[in-house]
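> sequence unknown, structure follows:
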């Protein structure tokens, strides 16, 4: 299977199911293991490029097609997006090659009239590009920004209630940037300089983290990070720098008892264990047993001994059964809009009401999490989203009920003058060059 055909099938699956592009591509590459490195790179570029620019690609289709978008079948839309992305974004691929290769996939998968439709749209696009009649910035700024930056119109409108048009454009443009692969050095097994030297000796570009000495971005690695010695030996963990700031806010001490709620794959739990110098107890709770299984495999790789797991819905967890904790972290399920750079499919899978819906669940989880904190202990709430309905609004509602004071994390967050707003951690891709995260810590009165 070549790169374009694999990308076509991957994009179809992503459109039909709740599946992460990275996980899907990795499984497909394992299945079709004869693909060379360049073909894998092209397939990855096509999948992520189409997802990143889907809004503008659909606008191109709408401009060229006499058939309304709502009447074009999903599999045909995928074909058109795939061809249009190559024509309009990939300068190293000749337009005629992009058309011909896409039409080949159409011939193999579609009836003749669809093949003719796809061929006609793509050839028309190749003739027209780059002279497109984009919406006017002055008369219709919402549509202009939505099309230009490939974002849902509802998102642009929502952001413009809080920011100037210039900043909204910067937010959207930052969301479209292709981030490097960021890792955390596991100080239980390695030091930053030895990790950096290992990758540099093999031709990779290593960039020090913007805010943390244990964070670094690896560009142009010679092989899949997951197959490298630093990963296999547990020297590193793949983790964005913004995510690495959350365990610092929890600020646990060696020997303490810690509860990590909605732990997922437990990436932050492993960092917490590292901060605790592998001394104490961490109970990681999640409703998905398969995620906890992956966590425990990771725990073994990283040399961690203090994490245990429990498969349960957080809201049914009983403090009389599991006890109270010195530190509680709720890494709440959220819309994920702070991670759009890495997960561009979220743009097209989020409903305008989803931030509000997520907020309702987040408050219920946070309200329950407070029951597990010892007197004098702390509770940290974190998300990887940028919407106030999931962040500041939840924190304010919690404080109105519980009356717990916030902790100023400036002593444990490097460059806190840049990253904190009113004792909240608040990071933005367009301002800080890292994912968009929110975090706040409260102290339970003694």
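Yep, that arrived. Note that this is a predicted model, so its numbers are computed, not measured. Residues are numbered from 1 along each chain as shown.
> switch to C-alpha atoms for all contacts and neighbour counts from now on
Fine.
> Would you mind listing the residues in contact with the residue most central in space within the chain?
The C-alpha lying nearest the average C-alpha coordinate of the chain belongs to residue 339 (CA atoms, centre = their mean; 3.3 Å). Taking CA atoms under 8 Å, 6 or more residues apart in numbering as the contact definition, residue 339 lies against 175, 384, 385, 435, 436.
> and the last one, how many residues sit next to it?
So the one you mean is residue 436. Each residue near residue 436 was counted by other CA atoms under 10 Å, and the total is 27.
> So which elements touch the lengthiest strand in the chain?
The residue-count maximum for a strand in the chain (DSSP state E) belongs to strand 373-383. In terms of contact count using 3 or more CA pairs under 8 Å, 6 or more residues apart in numbering; DSSP states H and E, strand 373-383 is assigned the packing partners helix 241-250, strand 325-331, strand 438-443.
> To residue 425, which of those lies closest?
Taking CA to CA, strand 438-443 is the member of the helices and strands packed on strand 373-383 nearest to residue 425, at 4.8 Å.
> What's the mean pLDDT across that closest one?
Mean pLDDT, taken over the full extent of strand 438-443, equals 98.
> In its sheet, which strands sit next to the longest strand of the chain, and in what direction?
With DSSP bridges as the criterion, the sheet partners recorded for strand 373-383 are strand 325-331 (parallel), strand 438-443 (antiparallel).
> And the helices in the stretch 51-200 of the chain?
In order along the chain, the stretch 51-200 of the chain carries the following helices (DSSP state H, counting those that start in this stretch): 54-64, 74-89, 95-109, 112-128, 141-149, 153-160, 165-175, 192-201.
> Now the fifth one: average pLDDT?
Confidence over helix 141-149, taken as the mean pLDDT, stands at 97.
> So which bits of it are buried?
Within helix 141-149, the residues scored as buried using 16 or more other CA atoms under 10 Å are 142, 143, 144, 145, 146, 147, 148, 149.
> Equivalent analysis for the first one, please.
Buried residues in helix 54-64, defined by neighbour count with 16+ other CA under 10 Å: 54, 55, 56, 57, 58, 59, 60, 61.
> what's the answer for the longest one, then?
Within helix 112-128, the residues that count as buried by 16+ other CA under 10 Å are 114, 115, 117, 118, 119, 121, 122, 123, 125, 126.
> swap in stretch 353-372?
Neighbour counts using 16+ other CA under 10 Å place 355-356, 358-359, 362-363, 365-372 of stretch 353-372 among the buried residues.
> who's in contact with that stretch?
For stretch 353-372, with CA under 8 Å, 6+ apart as the criterion, the contacting residues are 261, 314-315, 319, 323-325, 328, 330, 332-335, 379, 381, 387, 389-390, 394, 397-398.
> on that earlier part again, what's the most distant pair in the contacts of residue 339?
The span of those, defined through CA to CA, is set by 175 and 384 at 13.5 Å.
> thinking again about what came up before, now do the longest strand of the chain and helix 241-250, the angle between them.
Note on geometry: by axes from the mean of the first three to the mean of the last three CA atoms, to 10 degrees, strand 373-383 and helix 241-250 are set 170 degrees apart in direction.
> Let me see the ranges of the helices in the stretch 201-350 of the chain.
According to DSSP H, counting those that start in this stretch, the stretch 201-350 of the chain carries its helices in the segments 229-232, 241-250, 267-275, 289-302, 319-322, 346-349.
> Quick one: closest of the ones you listed to residue 7.
Of the helices of the stretch 201-350 of the chain, nearest to residue 7 by CA to CA is helix 346-349, at 17.6 Å.
> just checking, next helix/strand downstream of that closest one?
Sequence-wise, the next helix or strand downstream of helix 346-349 (DSSP states H and E) is helix 354-369.
> Centre of the chain to that next one, how far?
With CA atoms, centre = their mean, to the nearest Å as the basis, helix 354-369 stands 20 Å off its chain's centre.
> cool, and stretch 405-418?
What separates the centre of stretch 405-418 from the centre of its chain is 24 Å, taken as CA atoms, centre = their mean.
> buried stuff in it?
Of the residues in stretch 405-418, those buried under the neighbour-count criterion (16+ other CA under 10 Å) are 406, 407, 408, 409, 410, 413, 414, 416.
> Quick check: the farthest pair among these?
For the buried residues of stretch 405-418, the maximum inter-member distance is 18.2 Å, found between 406 and 414 (CA to CA).
> what bridges to residue 282?
Residues in a beta bridge with residue 282, per DSSP bridges, are residue 258, residue 307.
> Count the residues that sit near it.
Under the neighbour criterion other CA under 10 Å, residue 282 is assigned a count of 26.
> Now do the contacts for it.
Applying CA under 8 Å, 6+ apart to residue 282 gives the contacts 257, 258, 259, 260, 269, 273, 306, 307, 308.
> Closest to residue 82 out of those?
When the contacts of residue 282 are ranked by distance to residue 82 (CA to CA), residue 269 comes first, at 38.8 Å.
> how far away is that closest one from residue 189?
Residue 269 sits 16 Å away from residue 189, going by CA to CA, to the nearest Å.
> try residue 226
Taking CA to CA, one finds residue 226 at 17 Å from residue 189.
> what does residue 105 give?
48 Å.
> next one: residue 356
Taking CA to CA as the measure, residue 356 and residue 189 are separated by 42 Å.
> Equivalent analysis for residue 48, please.
Separation of residue 48 from residue 189 (CA to CA) stands at 33 Å.
> more neighbours, the two?
For residue 48 versus residue 189, neighbours defined as other CA under 10 Å are more numerous around residue 48 (21 against 14).
> and the more buried one, that's in a helix?
Yes - going by DSSP: H, G, I helix; E, B strand; the rest coil, the assignment for residue 48 places it inside a helix.
> quick one, what contacts it?
21, 344.
> Any figure for the gap between it and residue 82?
Between residue 48 and residue 82 the distance is 11 Å, computed by CA to CA.
> now do residue 375
When distance is defined by CA to CA, residue 375 is 57 Å away from residue 82.
> Neighbour count: these two, which is higher?
residue 82 (28 against 13).
> Pretty sure the more buried one sits against residue 46.
Yes - between residue 82 and residue 46 a contact is recorded at 7.0 Å, counting by CA atoms under 8 Å.
> picking up where we left off before, need the strands paired with strand 373-383 in a markdown table (columns: distance to residue 98 and mean neighbour count).
Listed next are the strands paired with strand 373-383 as a markdown table, based on distance: least, CA to CA, whole Å; neighbours: other CA atoms under 10 Å:
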| stretch | distance to residue 98 | mean neighbour count |
| --- | --- | --- |
| strand 325-331 | 43 | 24 |
| strand 438-443 | 41 | 26 |
